[in-house]
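Student: need a structure here:
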Amino acid sequence: EATNEKIVFLRFFAPWCGHSQQMAPSWERIYQEYANEKNILIAEVDCTSEDSLELCSFANVQNFPSLKYGEPYWLHDYGGGLEYNDLSNFARDNLKPGCSPHNIHLCNDEHMIEKFEHYKAMTENDLAEDIKEAEGEILWLETDMNRELEKLQDLYYSVQNKYEKELKVMALSVSKTNENIRKEEEMIEELDKSENLYYSSVDKPEKDMKEMAAVNMEEGKVLDMKHKEINKELDKLKALHDDSELKHTKELNEITVTGIETEEQTLLTKETKMNKELDNLEALHDNLEKKYDKRLADMKEQTGLRIMKSVMAKIQQDQYSSLREKNEF
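Tutor: You can find the predicted model right below:
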């Protein structure tokens, strides 16, 4: 009754919602500005209250805060900012009667006029039947949409789990390659020890030969032969050391370049591929939601559900007002 013959600007909110709390002061200022207007009603509806559940459902409130404006039975979504200036400018320019089932004379669209007149001419029972049928079709579409979205969600998690397992295996492979490098470094350490042994072997025979020469110069030939044998063995040991060092350096380089870089590059490529595929699935999910939202909106428009509900609500309100005037309850 408070909304009868008025243009409304409504804020549907939940007390726990941070955005609802944040815009409350701006909304209070707008409310105070229009408090004395006879043809405009600024109000708010707490959708967590049991008394407001039916109204919030009728207004198709999906999130908080939701702002709607227009005639009480022909509301439109507000999509502007929530600051005071945004709300004030919008209210000044838009809170006035417009085309609706109850103001057909303000309509310019012939097709819409025909629809409004068609549904207003229907009986209450016929309207109720058509509303029930339209809601059944919409329920089926919503169920189908949720089923498809669940399939897509399952596919997303399946792909994610698959790639995560592969990445773990590849990471383990890189770890094993690092272990091989550690072993190669141990080999190089052993070669360094061998090199130290070589130089110590060079120093010791020379020291021994000097001592032997000092003791007995007559044994020079034997000493010279021993010296040549020692040099020969040392040359063999040095050649062995050089070959081993060259071999292991080459292997180490191959492991470092071919092993680590290849493994890490493969790992990076795999991660990039996984992220790209998951992004594609998320985009597909979003597109599917938009597609079904559009289908729902189109279906509601085609079935005239919004118009029928508006006409039905107005009929019930008129009946209620008539009964009150006659004091029949």
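Student: ok, now how distant is residue 120 from residue 307?
Tutor: 9 Å (C-beta to C-beta, to the nearest Å). Where C-beta positions appear, they are placed from N, C-alpha and C, glycine not excepted.
Student: got any residues that touch both of those two?
Tutor: Both residue 120 and residue 307 are in contact with residue 101, where contact means C-beta atoms under 8 Å, 6 or more residues apart in numbering.
Student: of these two, who's got more company?
Tutor: Between residue 120 and residue 307, counted using other C-beta atoms under 10 Å, residue 307 has the larger neighbour count: 22 against 17.
Student: So what's the residue count around residue 121?
Tutor: There are 9 residues near residue 121, going by other C-beta under 10 Å.
Student: What separation do you get for it and residue 307?
Tutor: Taking C-beta to C-beta as the criterion, residue 121 is separated from residue 307 by 12 Å.
Student: Which residue ranges of this structure form helices?
Tutor: Here the chain has its helices, by DSSP state H, at 18-33, 53-58, 84-94, 110-120, 124-215, 220-254, 262-303, 305-325.
Student: which one of these has the lowest average pLDDT?
Tutor: Note on those: lowest mean pLDDT is at helix 220-254, with a mean of 62.
Student: I figured residue 44 was touching residue 13, is that so?
Tutor: Yes - here residue 44 reaches residue 13: they are 6.1 Å apart, a contact under C-beta atoms under 8 Å.
Student: count of residues packed around residue 275?
Tutor: 11.
Student: Contacts only, for it.
Tutor: Applying C-beta under 8 Å, 6+ apart, no residues contact residue 275.
Student: What is the burial count for residue 130?
Tutor: A count of neighbours around residue 130, defined by other C-beta under 10 Å, yields 17.
Student: nearest spatial neighbour of it, skipping sequence neighbours?
Tutor: residue 308 (5.8 Å; C-beta to C-beta, 6 or more residues apart in numbering).
Student: How about the contacts made by the one you found?
Tutor: For residue 308, the contacting residues are 119, 122, 127, 130-131, 134, by C-beta under 8 Å, 6+ apart.
Student: now with 10 Å?
Tutor: Residues near residue 308 by C-beta atoms under 10 Å, 6 or more residues apart in numbering: 101, 115, 118-120, 122, 126-131, 134-135.
Student: again with residue 108
Tutor: Residue 108 neighbours (C-beta under 10 Å, 6+ apart): residue 99.
Student: Quick check, pLDDT for it.
Tutor: Residue 108 is assigned a predicted lDDT (pLDDT) of 88.
Student: what do you get for residue 45?
Tutor: On pLDDT, residue 45 comes in at 94.
Student: what's the answer for the one 3 residues further on, then?
Tutor: Reading off the per-residue confidence, residue 48 sits at a pLDDT of 93.
Student: how much space is there between it and residue 12?
Tutor: 10 Å.
Student: of those two, who's got more company?
Tutor: Neighbour count, other C-beta under 10 Å: between residue 48 and residue 12, residue 12 has more, with 23 against 13.
Student: thought that one was touching residue 53?
Tutor: No - counting by C-beta atoms under 10 Å, residue 12 sits too far from residue 53 to count as a contact (11.3 Å).
Student: any shared contact partners between the two?
Tutor: Common neighbours of residue 12 and residue 53 (C-beta under 10 Å, 6+ apart) are 47, 61.
Student: roughly how far apart are the residue nearest to residue 130 and residue 123?
Tutor: Applying C-beta to C-beta, the value for residue 308 to residue 123 is 12 Å.
Student: Thanks again, I'm all set now.
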